[in-house]
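> Attaching a predicted model along with its sequence, questions to come.
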Amino acid sequence: MDYEESLMIKAAWYYYFEEMTQQHVAELMGITRMRVIKLLEKARQTGIIQFRLRKDGESRMQLERNLMSAFGLQDAFVIPAAIDRSAVNAGVAEAASMYISERLTENSLINIGYGDTPSRILNNLATLAEQPLTCVSLTGGVSYYLPDTRSNVFNAKLHLIPAPLLTGSREMAEALRHEASVMELSRMTALAQMTVVGVGAMHESATIFKSGVLNNNDFLYLSMQGAVGDLLSHFFDKEGKLLNTPIEERLISTPLETLKSLKNVIGVAAGDSKVEAIHAALKGQYLDVLITDDRTAEKLLGSRTGEV
């Protein structure tokens, strides 16, 4: 199933099953009323609407509604899980890129997080966007924000924090945070229409470990402190509470409390290894929107009731 078909299912659900007006559907989905009309017409033409939603679409729509209800989300977008588990990040990143591109306006400003998934989203958006994008990095570690050299088109202006993700000492981190250029970018983040972040798992394959920013000893230390995952490289426990560690003191990264204050924080993550981390991030109420796959969504809802 592609993104367009998922949109058709979502529009059809709201319009036919929840009896919303086309204008209400448009506002809820963040698209124009004319786009809703075209989606509904195409849904009828392609057989998605046959007086009922196709079963697979209906089940994903129900998962989205359940996620929104269970975790107080403004929106959720659930895609089919990839058969090839190595393609999970690519799948949710592509879905997120399409979701975000539908909501872009002229002169859009987007905050972008650290890691493999946000990096994929940024490169996808920069090739999809009809209007130039302006993106602000939420962390140091600029290599993950640079354009994909395989892309012929990169229609985005990047404002990058000129600092590493992790410094050698607390004093160095404190000094960098007070640099004029870093403080200016921090002020820009409050103006963004959307904020896009990945959710990191406590797993050796996580970007922050795989890239060598943190080592095996750090991994063991964080695990012993109760870390289950991270947002913007801030590690938290199973309740979503920040862990105040020596590593935290050396980070150049937007604080989690600041993240909570930003508009339309979109979390993009999926996969069995990330379920506990995503669940904790949702409990911590850091996200407004979750984009994930149906396998992960089912496990998240199961973990809330103690089934996983």
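Thanks, I have it.
> can you list the domain ranges for this protein.
Domain segmentation of the chain under automatic domain parsing yields 1-53, 61-304.
> And the helices in this protein?
Along the chain, the stretches classed as helices by DSSP state H are 3-12, 22-29, 33-45, 55-71, 88-101, 116-128, 170-177, 180-189, 207-210, 216-224, 246-249, 256-261, 275-283, 294-304.
> so for stretch 40-51, what's the average pLDDT?
For stretch 40-51, the mean pLDDT works out to 83.
> Report the buried residues of it.
Of the residues in stretch 40-51, 40, 42-43, 48-49 count as buried by neighbour count, 16 or more other CB atoms under 10 Å. Every residue, glycine included, has its C-beta placed from N, CA and C.
> just the CA coordinates of it, formatted as PDB?
Only the C-alpha atoms of stretch 40-51 are listed here, as PDB (Å, rounded to 0.1, in the frame of the first residue of the first chain):
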ATOM      1  CA  LEU A  40     -12.900  10.400  -1.600                       C
ATOM      2  CA  GLU A  41     -13.600  10.200  -5.300                       C
ATOM      3  CA  LYS A  42     -10.500   8.200  -6.000                       C
ATOM      4  CA  ALA A  43     -11.400   5.900  -3.100                       C
ATOM      5  CA  ARG A  44     -14.700   5.100  -4.800                       C
ATOM      6  CA  GLN A  45     -13.100   4.700  -8.200                       C
ATOM      7  CA  THR A  46     -10.500   2.200  -7.000                       C
ATOM      8  CA  GLY A  47     -12.800   0.100  -4.900                       C
ATOM      9  CA  ILE A  48     -11.500   1.100  -1.500                       C
ATOM     10  CA  ILE A  49     -15.000   2.300  -0.700                       C
ATOM     11  CA  GLN A  50     -17.500  -0.500  -1.200                       C
ATOM     12  CA  PHE A  51     -20.000   0.600   1.500                       C
END
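> Figure out how far that stretch is from the centre of its chain.
Averaging C-alpha positions (CA atoms, centre = their mean, to the nearest Å) puts stretch 40-51 30 Å from its chain's average.
> rank the domains of the chain by mean pLDDT and give me the bottom one.
Confidence, taken as mean pLDDT, is least for domain 1-53 of those (a mean of 86).
> sorry, back to before: save the helices of the chain as a markdown table, and put in distance to residue 139 too.
Listed next are those as a markdown table, based on distance: least, CB to CB, whole Å:
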| stretch | distance to residue 139 |
| --- | --- |
| helix 3-12 | 28 |
| helix 22-29 | 30 |
| helix 33-45 | 34 |
| helix 55-71 | 24 |
| helix 88-101 | 18 |
| helix 116-128 | 10 |
| helix 170-177 | 12 |
| helix 180-189 | 10 |
| helix 207-210 | 10 |
| helix 216-224 | 17 |
| helix 246-249 | 13 |
| helix 256-261 | 11 |
| helix 275-283 | 16 |
| helix 294-304 | 24 |
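> do you know which of those helices lies nearest residue 162?
Ranking the helices of the chain by proximity to residue 162 (CB to CB) places helix 180-189 first, at 5.7 Å.
> Give me the angle between that closest one and helix 170-177.
70 degrees (axes from the mean of the first three to the mean of the last three CA atoms, to 10 degrees).
> same for helix 180-189, what does it pack against?
strand 133-137 (3 or more CB pairs under 8 Å, 6 or more residues apart in numbering; DSSP states H and E).
> Adjacent strands (with direction) for the strand it packs on?
Each strand that pairs with strand 133-137, with its direction, by DSSP bridges: strand 109-112 (parallel), strand 156-159 (parallel).
> Now tabulate those strands in a markdown table and tack on distance to residue 278 and mean neighbour count.
Formatted as a markdown table, those follow (distance: least, CB to CB, whole Å; neighbours: other CB atoms under 10 Å):
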| stretch | distance to residue 278 | mean neighbour count |
| --- | --- | --- |
| strand 109-112 | 19 | 24 |
| strand 156-159 | 27 | 16 |
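> which stretch among the ones you listed comes nearest residue 280?
Closest to residue 280 of the strands paired with strand 133-137, according to CB to CB: strand 109-112, at 21.1 Å.
> got a list of what residue 301 touches?
Listed by CB atoms under 8 Å, 6 or more residues apart in numbering, the contact set of residue 301 reads 63, 66-67, 70.
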